[in-house]
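A.B. asks: For reference, the sequence and a predicted model appear below.
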Amino acid sequence: MPDRKRHERLVPLVAPVVLPDVLVNNEGAASMNAFALMPLSSVRRITDTNFMGAAIVTHGAIRLSADRPRVGS
């Protein structure tokens, strides 16, 4: 599972330097096995990477952009 605490520690270090206008989340994992043959540990790894990874990054970006001044404000 992605390390949320690690991400949260990095945000204050990176945010003052880089605040993107656009977020492109291109993270993903896959397996070449048929689903029925995959061990559940592989299913968990793929699900955590593909769903939780995107959710954590998007959540962080929304929190950062909420504090950002708006154009015309």
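C.D. replies: On my side now, so go ahead.
A.B. asks: Buried residues of the top helix by length along the chain, list them for me.
C.D. replies: Ordering each helix of the chain by length in residues (DSSP state H) puts helix 53-66 first. Within helix 53-66, the residues scored as buried using 16 or more other CB atoms under 10 Å are 53-54, 56-57, 60-61, 64. Glycine gets a C-beta too; all of them are placed from N, C-alpha and C.
A.B. asks: what's the burial count for R6?
C.D. replies: Residue neighbour count, defined by other CB atoms under 10 Å, stands at 8 for R6.
A.B. asks: Name the next helix or strand downstream of the helix or strand containing it, please.
C.D. replies: Using DSSP states H and E, R6 sits in helix 4-14. Counting by DSSP H and E, the next helix or strand C-terminal to helix 4-14 is helix 40-47.
A.B. asks: Can you list the neighbours in contact with that following helix?
C.D. replies: Residues outside helix 40-47 that contact it (CB atoms under 8 Å, 6 or more residues apart in numbering) are 29-31, 33, 35.
A.B. asks: redo that, cut-off 6 Å
C.D. replies: 29, 31 (CB atoms under 6 Å, 6 or more residues apart in numbering).
A.B. asks: That one to helix 53-66, inter-axis angle?
C.D. replies: 30 degrees (axes from the mean of the first three to the mean of the last three CA atoms, to 10 degrees).
A.B. asks: any idea how far stretch 41-49 is from the chain center?
C.D. replies: Here stretch 41-49 is found 14 Å from its chain centre; the criterion is CA atoms, centre = their mean, to the nearest Å.
A.B. asks: Please report how far the residue nearest to A30 when sequence neighbours are not counted lies from R6.
C.D. replies: Using CB to CB, 6 or more residues apart in numbering and skipping the chain neighbours, the partner closest in space to A30 is I46 (6.7 Å). Computed as CB to CB, to the nearest Å, the I46 to R6 distance reads 20 Å.
A.B. asks: again, but for P12
C.D. replies: Relative to R6, and taking CB to CB, P12 is found at 13 Å.
A.B. asks: go on, S65?
C.D. replies: On the measure of CB to CB, S65 and R6 end up 21 Å apart.
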